[in-house]
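Participant: can you look at this prediction? I've put the sequence above it.
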Amino acid sequence: MMTTLTKMIILFLFSITALNAQTNYEKGMEKAFKLWQDNKVDEAENMFERISNAESDKWLPHYYVAQINSLKSWSEKDENVLKAQLGKAQEHINSALAISKDNPEIMVLQAHVLTNWVAFDGAVYGMKYSGKIVELYNNAYKIAPKNPRVVSGKAEWGMGSAKYFGQDTKPYCAEMEKSIELFTNFKPESTFHPNWGKERAEQVVKSCKE
């Protein structure tokens with residue numbers, strides 16, 4: 001039988017190993033965000049991808065690989081490049097959801113990726129994805145009605161649809177204003193959790209008043 005001292009030593013070693021693993025994860029995430037902040041987007045993406053391969057229980061690295069590919073796709077005109085980027089985004093969203101099911105932050109990002117397709121060619125992808133986008137925002141809202149990215153994303157999609165069909169956008173402008181207050185009071189779970197979107201919400205609210 002193991003002595004109490006031996007058990008304590010083993011427990012200590014396990015604790016140190018876990019601490020070092022967490023520290024390595026934090027260091028990697030900090031480095032990736034620094035690269036992104038310095039506009040070294042491809043390097044940041046590669047770093048997040050390496051972390052996602054090393055940390056099989058973490059959804060955030062997958063999330064940021066997907067987000068970077070979504071962001072790169074908004075202005076992409078080459079369909080082959082777009083397919084590659086959004087295909088990669090979708091793979092990492094799937095991996096993130098496998099780790100963190102029914103996660104409203106991932107649902108919002110999934111809605112963004114589908115909106116990328118609609119923005120690229122509304123005639124082809126609008127009918128295909130519009131219903132799914134609405135469903136994603138509605139489901140995310142049921143889970144997290146005070147998440148500012150959920151509220152603003154849902155409002156902006158509704159606003160775009162209202163404009164397309166010649167309907168009143170005022171209710172969606174009001175929801176967008178509500179999201180700004182939510183952004184102001186929002187506290188992410190950690191420094192690595194999503195905390196973006198306020199500037200975009202402010203731009204949309206400003207456009208509502210023009």
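Facilitator: Structure's in. What do you need?
Participant: which SS class is residue 76?
Facilitator: Look at residue 76: counting by DSSP: H, G, I helix; E, B strand; the rest coil, its state is coil.
Participant: then residue 101?
Facilitator: Assigned with three-state DSSP, residue 101 falls in the coil class.
Participant: can you tell me how far it sits from residue 148?
Facilitator: Residue 101 sits at a distance of 22 Å from residue 148 (criterion: C-beta to C-beta, to the nearest Å). In this view, the C-beta of every residue, glycine as well, is placed from N, C-alpha and C.
Participant: who's more crowded, those two?
Facilitator: Set side by side, residue 101 and residue 148 show more neighbours around residue 148, with 23 against 9, by other C-beta atoms under 10 Å.
Participant: was I right to think the more buried one contacts residue 197?
Facilitator: Yes: between residue 148 and residue 197 there is a contact under C-beta atoms under 8 Å: 6.1 Å.
Participant: which residues do those two both contact?
Facilitator: Residues touching both residue 148 and residue 197 (C-beta atoms under 8 Å, 6 or more residues apart in numbering) are 179, 183.
Participant: which of the residues in the strand or helix carrying residue 203 are buried?
Facilitator: Assessed by DSSP states H and E, residue 203 sits inside helix 198-209. By 16 or more other C-beta atoms under 10 Å, the buried positions in helix 198-209 come out as 198, 200, 201, 202, 204, 205.
Participant: in terms of secondary structure, what does it contact?
Facilitator: With contacts defined as 3 or more C-beta pairs under 8 Å, 6 or more residues apart in numbering; DSSP states H and E, helix 198-209 has these neighbours: helix 148-164, helix 170-185.
Participant: what's the angle between the longest one and helix 170-185?
Facilitator: Okay, so that is helix 148-164. 160 degrees (axes from the mean of the first three to the mean of the last three C-alpha atoms, to 10 degrees).
Participant: pull helix 148-164 out as CSV, backbone CA atoms only.
Facilitator: The C-alpha trace of helix 148-164 is given here as CSV (Å, rounded to 0.1, in the frame of the first residue of the first chain):
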residue,chain,number,x,y,z
PRO,A,148,-24.7,41.0,-26.3
ARG,A,149,-23.4,39.1,-29.4
VAL,A,150,-26.6,37.1,-29.5
VAL,A,151,-28.8,40.1,-29.2
SER,A,152,-26.9,42.3,-31.7
GLY,A,153,-26.4,39.5,-34.2
LYS,A,154,-30.1,38.5,-34.1
ALA,A,155,-31.1,42.2,-34.5
GLU,A,156,-28.7,42.9,-37.4
TRP,A,157,-29.9,39.8,-39.3
GLY,A,158,-33.5,40.9,-38.7
MET,A,159,-32.7,44.4,-39.8
GLY,A,160,-31.1,43.2,-43.0
SER,A,161,-34.1,40.9,-43.7
ALA,A,162,-36.5,43.8,-43.0
LYS,A,163,-34.7,46.1,-45.4
TYR,A,164,-34.7,43.4,-48.1
